[in-house]
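Peer 1: Sequence plus predicted model, see below.
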Amino acid sequence: MPEFGAVGDGFAINDPEVDWMQRAYTAPRSAYFVVERDGVVVGGGGLAPLAGGDGDTCELRKMYFLPEARGLGAGAAIIDRCLLAARDFAFRRCYLETLRGMDAAIRLYERRGFTRLAAPLGDTGHGGCNAFYLRDLGGPPA
């Protein structure tokens, strides 16, 4: 995140959850997936119920990739895996927050069906984010 200027209060990098990821993502309706390259974790992303949101909306969270993992399709694969899990958990919508200027990530989110919102949803605590997206997941899984 510091690579993109996301430092200080209001950014996920200062989120205590980063220090206890296993506890956060073993909670109900939550999951975290990683990408390995040559036995080394080079990125990942997860989902969990949107804090302060309704029970039908999850949040795509903690999408981090090292530079060597970018441009290989890893981000798309993680998003697709998270959306599959979101449907399995019976979420109807998926929300995310990011930063303007993270152009490659924004293009990826938009290619994956996320549309920009004018204002944030829920209460994520990431007040430093300034771009908000939502994707409809369709009805409950068949």
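Peer 2: On my side now, so go ahead.

Peer 1: Who are the packing partners of the longest helix along the chain?
Peer 2: If you go by DSSP state H, the chain has its longest helix at helix 74-88. Other elements packing on helix 74-88 under the criterion 3 or more C-beta pairs under 8 Å, 6 or more residues apart in numbering; DSSP states H and E are strand 31-37, strand 40-49, strand 57-65, strand 93-98, helix 103-111. Where C-beta positions appear, they are placed from N, C-alpha and C, glycine not excepted.

Peer 1: Pull out the buried positions in it.
Peer 2: Across helix 74-88, burial judged by 16 or more other C-beta atoms under 10 Å covers 74-75, 78-79, 81-83, 85-87.

Peer 1: Equivalent analysis for stretch 48-59, please.
Peer 2: Buried residues in stretch 48-59 (16+ other C-beta under 10 Å): 48-50, 53, 57-59.

Peer 1: Just name the lowest-scoring one in those, pLDDT-wise.
Peer 2: The lowest pLDDT within these belongs to residue 53, with 92.

Peer 1: quick one: low-confidence parts of this structure?
Peer 2: Residues of the chain meeting the criterion pLDDT under 70: 1-22, 126-127, 139-142.

Peer 1: do that again at 80, thanks
Peer 2: Counting by pLDDT under 80, the chain contains low-confidence residues at 1-24, 70, 125-128, 139-142.
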